[in-house]
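Asker: sequence plus predicted model, see below.
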Amino acid sequence: MSSRKPNILLIFVDNQPANMMGCYGNDEIFSPHLDELASRGVLFRNAFCPNSMCSPCRASMLTGLMPSQHGVHTWLDDDIMDQWPENYNAIAEFETLPEKLADAGYNTALIGKYHLGFADEPQNGFKHWVTMATGMMDSFYGVEMNDNGQYLTAEEHSVDYFTEKSIEYLDDHADKDEPPYCLIPAWP
């Protein structure tokens, strides 16, 4: 048995219930790629969304805490970013899964929607950071992105952009001599 730590790919998606994938038993949905990933990994059969809003769910996933514990109860309103404290991070006071994994020698990456504060630089233990410049968006096209400190506009659909960036990350870390990774593609 290998003593190598496993790589972790934790897909986090807004507004997609489990019953909208074939791997969870829906025979009317065609989701072959997700079904294949589920067949080779861990499929959570007893997981629940702690809140109906994006930011509290992301905070709970990263901290392992309920909204009543981490204090994020609704989505963060980017329209009032000018009122946020400098370098605001809604869960900065809590230890996160990426921080624990980074301490254990993992390369950690967030590729997708952050929506827990300013997205100017990596937060909460992530080393690789490809996010939307803000948490909310008016369109899936023409979204301003922060790719490890380089700002650009992704003309393609934002999910396609994040998918391509996730595949690049996986390809870049495919070498077995690399430290293990935790990649969280967090699609809007």
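Answerer: Noted; the coordinates are in hand. Numbers count the residues shown, from 1 in each chain.

Asker: just confirm Leu152 is within a strand.
Answerer: Yes: judged by DSSP: H, G, I helix; E, B strand; the rest coil, Leu152 forms part of a strand.

Asker: change the start of the numbering to 506 and stick with it
Answerer: All right, first residue 506 from here; so that's Leu657.

Asker: biggest helix in the protein by residues?
Answerer: Counting residues, the longest helix found in the chain (DSSP state H) is helix 663-677.

Asker: so what touches the helix or strand that that helix is followed by?
Answerer: Using DSSP states H and E, the helix or strand that follows helix 663-677 in sequence is strand 686-692. Contacts with strand 686-692, where a contact means C-beta atoms under 8 Å, 6 or more residues apart in numbering, come from 512-519, 563, 602-603, 606, 611-619, 631, 663-664, 667-668, 671, 674-675, 678. (C-beta placed from N, C-alpha, C; glycine too.)

Asker: give me the mean pLDDT for the longest helix of the chain.
Answerer: Per-residue pLDDT over helix 663-677 has a mean of 96.

Asker: chain center to that helix, what's the gap?
Answerer: For helix 663-677, the separation from the chain centroid amounts to 12 Å (computed by C-alpha atoms, centre = their mean, to the nearest Å).

Asker: please point out which parts of it sit buried.
Answerer: By neighbour count on 16 or more other C-beta atoms under 10 Å, the buried set for helix 663-677 is Ser663, Tyr666, Phe667, Thr668, Lys670, Ser671, Tyr674, Leu675.

Asker: quick one: list the elements packing against it.
Answerer: On a contact count with 3 or more C-beta pairs under 8 Å, 6 or more residues apart in numbering; DSSP states H and E, helix 663-677 meets strand 612-617, strand 633-637, strand 648-652, strand 686-692.
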